[in-house]
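Q: Here is my input; please provide its structure:
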Amino acid sequence: MRYGQDYYTLRSIFFDRVPPPVIHMHLRLFDVGKDVPIGDVSTSKPNGIPKGDNKGPAMDVDFPNEEKEKFDLWVRKLWRDKDDMIVKFHETGSFVADKETSCVDIPLELRTTREIPYAFCLFLPALFGYVFAKLRRRAM
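A: Okay, the predicted model is just below:
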């Protein structure tokens, strides 16, 4: 069994101009204050609760065990939901459960050849650092 990364590499997408036919993503947004069960941390360490300012050193907040368990169960449920969605996707070919849910198609194609260097620009600082280090060693 081969995966998408075996077929579609940076070289095949940008130089051979062979993009994947489609990329499927399902995004789910959460309101951390309402949806994520982080509980009430005021009972854990009243003097150790971060105030929201970045002036002091980072603090570890010790959550009560019941809060940790609630969060752990919530995260596990998310993973189960994700697994179920992937199974349903392989059966139906879509993440969309009903016709009321919308789907957005984003094409993965180069608009111009000038976009090719953008894919590799993350490597430039490392390349410049390597060349600079070599030149500095030769100068010494």
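
Q: The helix ranked longest in the chain - contacts with which helices or strands?
A: Assignment by DSSP state H gives helix 65-92 as the longest helix of the chain. Contact partners of helix 65-92 among helices and strands, from 3 or more C-beta pairs under 8 Å, 6 or more residues apart in numbering; DSSP states H and E: none. Where you see a C-beta, it was placed from the backbone N, CA and C, and this is true even at glycine.

Q: distance between it and the chain's centre?
A: Mean C-alpha position of helix 65-92 versus that of the full chain (C-alpha atoms, centre = their mean, to the nearest Å) differs by 17 Å.

Q: Next, the buried residues of it.
A: By neighbour count with 16 or more other C-beta atoms under 10 Å, helix 65-92 contains the buried residues E67.

Q: Then stretch 108-117?
A: Under 16+ other C-beta under 10 Å, stretch 108-117 has no buried positions.

Q: what's the span of that stretch from first residue to last?
A: Distance across stretch 108-117, first residue to last, is 16 Å (C-alpha to C-alpha, to the nearest Å).

Q: Other residues contacting that stretch?
A: 13-15, 17, 19-20, 22-23 (C-beta atoms under 8 Å, 6 or more residues apart in numbering).

Q: rerun that using 10 Å as the cut-off
A: By C-beta atoms under 10 Å, 6 or more residues apart in numbering, the residues outside stretch 108-117 that reach it are 8, 10, 13-15, 17, 19-23, 118-119, 124.

Q: can I get these in TSV with secondary structure?
A: Shown next, in TSV, are these (DSSP: H, G, I helix; E, B strand; the rest coil):
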residue	secondary structure
Y8	coil
L10	helix
I13	helix
F14	helix
F15	helix
R17	coil
P19	coil
P20	coil
P21	coil
V22	coil
I23	coil
Y118	helix
A119	helix
L124	helix
